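> What follows is a predicted structure for the sequence shown.
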Amino acid sequence: MSSVEFSRQLVDLRNPLFYFALSLTHDRDDASDLVQESMLRALTYSDKFRENTDFKAWIYTIMKNTFINAHRRNKRTGRVMEHVDRVRQQASLVETPATSESKIRMSEINGALGRLDDIFRTPFQMHHDGYKYNEIADELSIPVGTVKSRIHQARQRLMGMLS
């Protein structure tokens, strides 16, 4: 089969491939990515295609194997990330005993925080408590850029008060 004929058949199968990918992934974006990856592999390994072989079955097999390999890879990556999250959570639970110096320093920080205007203190404390910028923006009904600016200004003012 000539490369032109190969490419034409591949392009003609794009829509059926998309629907097959959609049945595997259940997500339009993932299905598009899978079609693209499968077509790229088919083009890359076009020399492996043998005459008198069903082209459609060959490309569907490439897609199925690509999906399975990606799924296995994601499972392994997921297990590693779960382990990292568990270790991170355990590390955050470790507490060091408070010294009298750290208690005094903490009371100074809390006092400086109390002197900040609410428009700076609230986003700063929410960010310190682990909220993401977009969550703070949604909660306070302000733009994300304003949240970032107020947190930055709060830090600058706190450093000025504590130095």
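Noted; the coordinates are in hand.

> before we move on, what SS does Val35 have?
Under DSSP: H, G, I helix; E, B strand; the rest coil, Val35 falls in the helix class.

> What residues does it make contact with?
Under the criterion of C-beta atoms under 8 Å, 6 or more residues apart in numbering, the contact list for Val35 reads 14, 17-18, 21, 63. The C-beta positions use only the backbone N, C-alpha and C, and glycine is treated the same way.

> In ChimeraX, select just the buried ones from those.
Selecting only the buried entries of the contacts of Val35 in ChimeraX, with 16 or more other C-beta atoms under 10 Å as the criterion:
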select :17,18,21,63
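
> Against Ser7, how distant is the residue in the chain sticking out farthest from the centre?
In the chain, Asn52 marks the outermost C-alpha relative to the chain mean, sitting 43.7 Å out by C-alpha atoms, centre = their mean. Between Asn52 and Ser7 the distance is 19 Å, computed by C-beta to C-beta, to the nearest Å.

> what's the answer for Leu140, then?
Relative to Ser7, Leu140 is positioned 54 Å away (criterion: C-beta to C-beta).

> likewise Asn69?
Using C-beta to C-beta, Asn69 is found at 24 Å from Ser7.

> Those two: which has the busier surroundings?
Ranked by neighbour count (other C-beta atoms under 10 Å), Asn69 and Ser7 place Ser7 first, with 15 against 11.

> do you know how far the more buried one is from Lys103?
In this structure, Ser7 and Lys103 are 73 Å apart, going by C-beta to C-beta.

> And this structure, split by domain according to the record?
Partitioning the chain according to automatic domain parsing yields domains covering residues 3-92, 100-162.
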